[in-house]
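S.K.: The sequence and its predicted three-dimensional model are supplied below.
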Amino acid sequence: QKTKEGFLSKITKAIAGKSTVDEEVLDNLEDALVGADVGIDTTIQIIKRIEARVSRDKYLGSGELNRILQEEIQQVLVDAPEQSYRNFETPAGIKPYVILVVGVNGVGKTTTIGKLAHNYKKAGHEVILGAADTFRAAAVDQLTIWSERVGVPIVKQAMGSDPSAVAFDTVQSAVAKNAGVVIIDTAGRLHNKAHLMEELGKIKRVIRKVIPDAPHEVLLVLDGSTGQNALEQARQFTAATDVSALAITKLDGTAKGGVVLAIANQLKIPVKYIGVGEKMEDLLIFDKHEFVDSLFKAD
Amino acid sequence: MFQNLSERLETAFKNLKGEARITDLNIANTVKDIRRALIDADVNYKIAKEFTDKIKEKAMGEKVLNAISPGQLMVKIVQDELTELMGGQEAEFNISGNPAVILIAGLQGSGKTTFTGKLANYLKTKKGKSPLVVAADIYRPAAIDQLTVLAGQIGVDIYAERENKDAVAIALNAIKQAKATNKNVVIIDTAGRLAVDEAMMTEVANIKAAVNPAEILFVVDSMTGQDAVNTAKAFNDRLDFSGVVLTKLDGDTRGGAALTIQYTVNKPVKFVSSGEKMETLDVFYPARMAQRILGMGDIASLVEKA
Ligand SMILES: Nc1nc2c(ncn2[C@@H]2O[C@H](COP(=O)(O)OP(=O)(O)OP(=O)(O)O)[C@@H](O)[C@H]2O)c(=O)[nH]1
Ligand SMILES: Nc1nc2c(ncn2[C@@H]2O[C@H](COP(=O)(O)OP(=O)(O)OP(=O)(O)O)[C@@H](O)[C@H]2O)c(=O)[nH]1
Ligand SMILES: [Mg+2]
Ligand SMILES: [Mg+2]
């Protein structure tokens, strides 16, 4: 579990009681960032910014040094334009609010949907799930179990049926029932498979036949233990579906998920949620401050 | 990165043509580039450093043939070393025993259940075995259904107990069943677990102790980043696994985790999983993996070009 210690105590490993920005501080900082999967390019950029802000070997209070490091790293992360998601509210005037969930295989899409449904339901919305992964073995059964656990309806068809037809049915049913939130599961697909990426475009187009400005959110789920390939995932899924937000899963382990800094740096996509377990309660709203803290948590 | 590294090598070649031996000076930048290529490929940064330092040491004083630059020679040495490191272990697959028990373990979503199906299919169609797959994942929603579907696709029997919440007991019962029905290989699919989850790590260690597996395979997603070192070490400490399975290699990841894991636990990669279909199981080619991690085509051809 994430500790609540401050940045100051956790960064100790990176800057071990230092109060001047010297080569050693920067080297340690570099190791901490690269070791958290931030990637070399973004790490170098962050370090350059820190260097530009405080000249080398200048004395700072260690509190101030920590604050500057924290600020410069946080600054890479982007905020979502609209903040209602923090309380699982939907933007005013949009009903149903349609969320399309995408990502490569096994990252935690279906589980994240179960967690989101639980939270939206708790916040008072009527939620409908759409089982548009008709490909992976027992994918529909898995989402069905989640829908029962959470207590929300699910729209599904037989395995092997057209995923966009399922998405269409789901959205149409949500409109008919005046539901508040629609969450559509899709099959995991590797971003280098053009025909599978094209299928996502089709799902989007079909949803738009029912609601022209939907989906209102395209949520890309990333496995927190993935390395630099997550950057390519974000790039390709964005090209195919205009990803609007990220969820990072499996941060209850020792992986740090630092690659989202590289993604934010290059693609400006906000992180909204983090997954910290396999139960429906194990979803947290992404907190910049805590995230940057955790990058420096010793293994 | 492929472009990058090759381009830089071309430059290195121009600048250093004619130098006779590898020295600290003439390969300093190449070492840096290689280290960077490794980190970009998700090799753990500490291992990337250790590995390149070691190789530098090894290359020092090495004679440069006049056709290539010291930088190119250095990359060639790296590639050979990488290939050897990843293929150094004899990768036999032990299916002796009647039944031979194979235990599958790894993190959540790494591809264990899919691989269980693929391995059963391989043993059935290529090795003439009659396998039994076992659903010992009692946690994930629809885990049993998933393995049931896969077993159906490949025409292999499955053992599952929907009401039993004891994975060790399920595994033991499965072996009894295998004996009773003349199955000669038992493949046990387990739930995904994090290395830091003490209770779950104990569970899988208990399964191992109870079933005495001929093979314990650690299934790992080839897209894994820096954390691969922690995970591999933790699973190896608890299970002393006999081999590694790299999954999702049909993606475009460079797969540096493969090197991290070899370096950390020195266990052979026994299979490669590269697709969602049951037939997409491959043997592991160390040289190809080395090239993939380094992000370049065949160095040999590059060398010839020069
Ligand atoms: N520890 C942990 N496990 C998680 C988390 N999120 C998902 N998982 C597990 O990861 C595995 C894969 O999750 P799924 O939700 O099936 O992933 P998916 O992206 O839908 O997978 P496909 O549909 O097969 O592509 C399951 O075992 C989940 O329980 C998390 O935040 N922490
Ligand atoms: N493209 C591709 N997908 C794969 C490969 N291996 C597994 N998958 C997919 O990855 C996802 C997760 O695979 P599973 O076999 O369910 O993984 P698992 O390790 O059993 O997951 P848990 O039991 O939840 O821990 C599924 O969507 C699989 O179809 C592979 O080699 N290539
Ligand atoms: Mg799924
Ligand atoms: Mg499984």
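M.R.: Here it is on my side, so go on. Ligands and ions are numbered 1, 2, ... in the order given.
S.K.: and stretch A:141-152, how far out from the chain's middle?
M.R.: 22 Å (C-alpha atoms, centre = their mean, to the nearest Å).
S.K.: Contacts for it next, please.
M.R.: Residues outside stretch A:141-152 that contact it (C-beta atoms under 8 Å, 6 or more residues apart in numbering or on different chains) are A:110-111, A:113-114, A:117-118, A:121, A:126-129, A:131, A:133, A:153-154, A:156, A:185, A:280, B:140-142, B:145-146. Yep, even glycine has a C-beta here, placed from its N, CA and C like the rest.
S.K.: cool, stretch B:161-170 as well?
M.R.: With contacts defined as C-beta under 8 Å, 6+ apart, stretch B:161-170 is touched by B:134-138, B:144, B:159-160, B:173, B:190-191, B:203, B:206-207, B:210.
S.K.: Nearest to residue A:169 among those?
M.R.: Nearest to residue A:169, judged by C-beta to C-beta, of those is residue B:144 at 27.3 Å.
S.K.: so what's the closest one up against?
M.R.: Each residue near residue B:144 by C-beta under 8 Å, 6+ apart is listed here: B:135, B:137, B:160, B:162.
S.K.: Neighbours of the second one, how many?
M.R.: The one in question is residue B:137. Residues near residue B:137, counting by other C-beta atoms under 10 Å in any protein chain shown, number 24.
S.K.: Got the phi and psi for it?
M.R.: Main-chain torsions, residue B:137, degrees, to the nearest 10: phi -90, psi 110.
S.K.: so what's it up against?
M.R.: Taking C-beta under 8 Å, 6+ apart, one finds B:113, B:143-144, B:147, B:167, B:189-192 in contact with residue B:137.
S.K.: In helices only, show me the contacts of stretch B:161-170.
M.R.: With helices taken from DSSP state H, the overlap with these comprises B:144, B:173, B:203, B:206-207, B:210.
S.K.: which of the residues you listed tops the neighbour count?
M.R.: residue B:207 (25 neighbours).
S.K.: Give me the most central residue, chain A.
M.R.: The centroid of chain A falls nearest to residue A:247 when counting by C-alpha atoms, centre = their mean (1.7 Å).
S.K.: Could you check the pLDDT of residue A:228?
M.R.: On the pLDDT scale, residue A:228 is placed at 97.
S.K.: And for residue B:282?
M.R.: 91.
S.K.: Is residue B:188 in contact with residue B:171, as I believe?
M.R.: Yes: Residue B:188 is within contact range of residue B:171, at 5.3 Å (criterion: C-beta atoms under 8 Å).
S.K.: These two - which one has more neighbours?
M.R.: The neighbour comparison of residue B:188 against residue B:171 (other C-beta under 10 Å) goes to residue B:188, with 28 against 23.
S.K.: show me the contacts for whatever residue of the stretch 101-250 of chain A ends up closest to ligand 1.
M.R.: Nearest residue of the stretch 101-250 of chain A to ligand 1 (C-beta to the nearest ligand atom) works out as residue A:188 at 2.2 Å. Counting by C-beta under 8 Å, 6+ apart, residue A:188 makes contact with A:103-107, A:109, A:133, A:136.
S.K.: in chain A, which spans are strands?
M.R.: Using DSSP state E, the strands assigned to chain A run over residues A:97-102, A:127-132, A:154-155, A:181-186, A:217-223, A:245-249, A:271-275, A:283-285.
S.K.: other SSEs contacting the last one?
M.R.: For strand A:283-285, the packing partners by 3 or more C-beta pairs under 8 Å, 6 or more residues apart in numbering or on different chains; DSSP states H and E come out as helix A:109-122, strand A:271-275.
S.K.: do the third one as well
M.R.: Using 3+ C-beta pairs under 8 Å, 6+ apart as the contact criterion, the neighbours of strand A:154-155 among helices and strands are strand A:127-132, helix A:139-150, helix A:163-177.
S.K.: pLDDT on the last one, on average?
M.R.: Read it as helix A:163-177. On average, helix A:163-177 scores 98.
S.K.: what packs against that helix?
M.R.: Applying 3+ C-beta pairs under 8 Å, 6+ apart, one finds that helix A:163-177 contacts strand A:97-102, strand A:127-132, strand A:154-155, strand A:181-186, helix A:194-210.
S.K.: Quick one: distance of it to the chain centre.
M.R.: 25 Å.
S.K.: Just want the angle from it to strand A:97-102.
M.R.: In terms of direction (axes from the mean of the first three to the mean of the last three C-alpha atoms, to 10 degrees), helix A:163-177 departs from strand A:97-102 by 160 degrees.
S.K.: just the first one next, same as before
M.R.: With the same axes, to 10 degrees as the basis, strand A:127-132 and strand A:97-102 are set at 30 degrees to each other.
S.K.: Looking at strand A:127-132 now, give me its mean pLDDT.
M.R.: Averaged across strand A:127-132, pLDDT comes to 98.
S.K.: and if you look at the second one?
M.R.: Here helix A:139-150 scores 98 as its mean pLDDT.
S.K.: how about stretch B:249-269: buried residues?
M.R.: The neighbour-count check on stretch B:249-269 (16 or more other C-beta atoms under 10 Å in any protein chain shown) flags B:249-265, B:267-269 as buried.
S.K.: Correction: the previous question concerned stretch B:206-225.
M.R.: B:207-208, B:211, B:213-225.
S.K.: quick check, it touching ligand 4?
M.R.: No: shown here: stretch B:206-225 not in contact with ligand 4 (C-beta under 5 Å from the ion), separated by at least 9.3 Å.
S.K.: Give me the nearest residue to residue A:197, chain neighbours excluded.
M.R.: residue A:240 (4.3 Å; C-beta to C-beta, 6 or more residues apart in numbering or on different chains).
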